[in-house]
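> Have a look at this fold, sequence not included:
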C-alpha cells in the first residue's frame with residue numbers, strides 16, 4: 001500500500017522529531033581501563049538527565065584518534081568530549097605543574113587543587129586555547145615498566161628507551177633521570193614494546209593492565225613519579241551552543257562521575273597490581289626519595305620558563321594543607 005505524500009511527510013517529521021543528537025565522547029583507554037569505566041559511567045548519568053533529544057555515546061580505544069587528533073576534533077565540532085591527560089601540558093603551560101614529580105600526594109589533594117584552582121587557573125588557561133574543563137577525573141599515579149632491569153633509582157634508567165606521552169615536561173624529567181624518552185601515541189605502545197623499538201613505558205596500573213603491557217614487559221617498578229588528572233574536556237565555543245539546560249546537565253554529570261572515578265581507581269590500584277604480578281612481571285618498590293632528590297632541576301626549569309611557575313607550584317602544594325586525609 002502506497003503512502004500519500006501527506007502521510008509520508010508526517011512520518012518524516014515524526015522521525016526527525018524523535019531522532020537524538022549524538023554527543024560523542026572519545027578517549028584512548030582500552031577495554032577494562034579506568035578511562036573506559038569513567039566515560040561509560042558518565043554516559044549513564046548524563047543520558048538519564050538528558051531525556052530524548054540528546055545522547056552521549058562513548059568511543060574508546062582511540063577509535064576517534066589519539067589525544068592530539070581529538071583535541072583538534074573538539075575544535076572542529078566533530079566530537080563533544082575528550083579525556084586528555086598529560087597532553088594538556090602541550091595545550092597550555094599551566095598544566096605542566098601536574099608534570100612535576102611527586103607534587104600530588106593523594107586524591108584528596110587533587111580534589112583540593114581542583115576546588116581552589118580549576119576556574120581561575122586551569123579553565124582560564126584552557127579557555128584561552130578554545131577549550132573548557134567540566135571536571136577533573138583521573139589517569140592516575142604512574143609507574144615504570146621495562147625489559148632492561150628493575151628501576152630502583154634514577155641511575156637505573158640510564159639509556160633505557162622509554163615511551164612518554166606527548167608533553168615536554170615528561171620528556172625533560174626522564175632526560176634528567178638519564179633515560180632516553182620517546183614521545184609516542186598510546187595506541188602505538190604495545191607494538192613498539194613487542195618489537196623492541198622501545199624498552200619500556202610509564203603509566204598507571206589501569207592503563208598498563210588494560211593495554212596488556214604485562215604480556216611484553218619483564219619489570220614493573222613502583223615509582224609513583226607523577227599523578228596525572230584526566231580532564232573532561234569540551235570545545236568552549238561548541239559547548240556554549242548547546243541549550244543551557246543541556247550544558248548544565250552535562251556539567252553536573254561530569255562532576256557527579258568524579259566520586260565513582262576516584263573510588264574505582266583506588267580499587268584498581270590493588271586489583272591490577274596483583275594481575276600484573278600474576279602475569280610473571282617482576283615487581284619492585286623504587287627508592288622514591290632518590291627520585292625526589294633528583295627532581296629539583298625540573299622544578300627549577302619550570303619556575304624559570306613558565307610565567308608564574310613558582311606560584312603555581314606553591315598553590316598546588318598549599319592545597320595539600322587544606323585536603324582531608326584519606
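Perfect, thanks for sending it. Note that the structure is predicted; figures quoted are calculated from it, not measured.

> and the helix or strand where residue 110 lies, how far from the chain's centre?
Assigned by DSSP states H and E, residue 110 belongs to helix 107-117. Taking C-alpha atoms, centre = their mean, to the nearest Å, one finds the center of helix 107-117 at 16 Å from the center of the full chain.

> Likewise for stretch 310-323?
With C-alpha atoms, centre = their mean as the basis, the mean position of stretch 310-323 lies at 21 Å from the chain mean.

> just stretch 243-263 next, same as before
Taking C-alpha atoms, centre = their mean, the mean C-alpha location of stretch 243-263 is offset from the chain mean by 17 Å.

> Same question for stretch 287-294.
Here stretch 287-294 is found 24 Å from its chain centre; the criterion is C-alpha atoms, centre = their mean.

> So which bits of it are buried?
For stretch 287-294, burial by neighbour count (16 or more other C-beta atoms under 10 Å) applies to 287, 290, 291, 294. For glycine as for every other residue, the C-beta is placed from the backbone atoms N, C-alpha and C.

> Would you convert those into a markdown table that also reports pLDDT, distance to residue 77 and secondary structure?
Listed next are those as a markdown table, based on pLDDT from 0 to 100; distance: C-beta to C-beta, whole Å; DSSP: H, G, I helix; E, B strand; the rest coil:
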| residue | pLDDT | distance to residue 77 | secondary structure |
| --- | --- | --- | --- |
| 287 | 98 | 48 | coil |
| 290 | 98 | 47 | helix |
| 291 | 98 | 42 | helix |
| 294 | 97 | 44 | coil |
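
> Backbone dihedrals for the closest residue to residue 317 other than its chain neighbours, please?
Spatially, and ignoring its direct neighbours in sequence, residue 317 is nearest to residue 103 (6.9 Å; C-beta to C-beta, 6 or more residues apart in numbering). When read as degrees, to the nearest 10, the backbone of residue 103 gives phi -80, psi -30.

> for this structure, what spans make up the helices?
Per DSSP state H, the chain carries helices over the ranges 5-18, 34-50, 67-76, 107-117, 124-128, 168-177, 189-195, 205-210, 236-240, 244-278, 288-293, 296-305, 309-321.

> Tell me which of these sits nearest to residue 92.
helix 124-128 (3.9 Å; C-beta to C-beta).

> Contacts for that closest one, please.
88, 91, 92, 93, 94, 95, 132, 133, 231, 233, 236 (C-beta atoms under 8 Å, 6 or more residues apart in numbering).

> just curious, which of the residues you listed is nearest to residue 206?
Using C-beta to C-beta, residue 231 is the member of those that lies nearest residue 206, at 16.3 Å.
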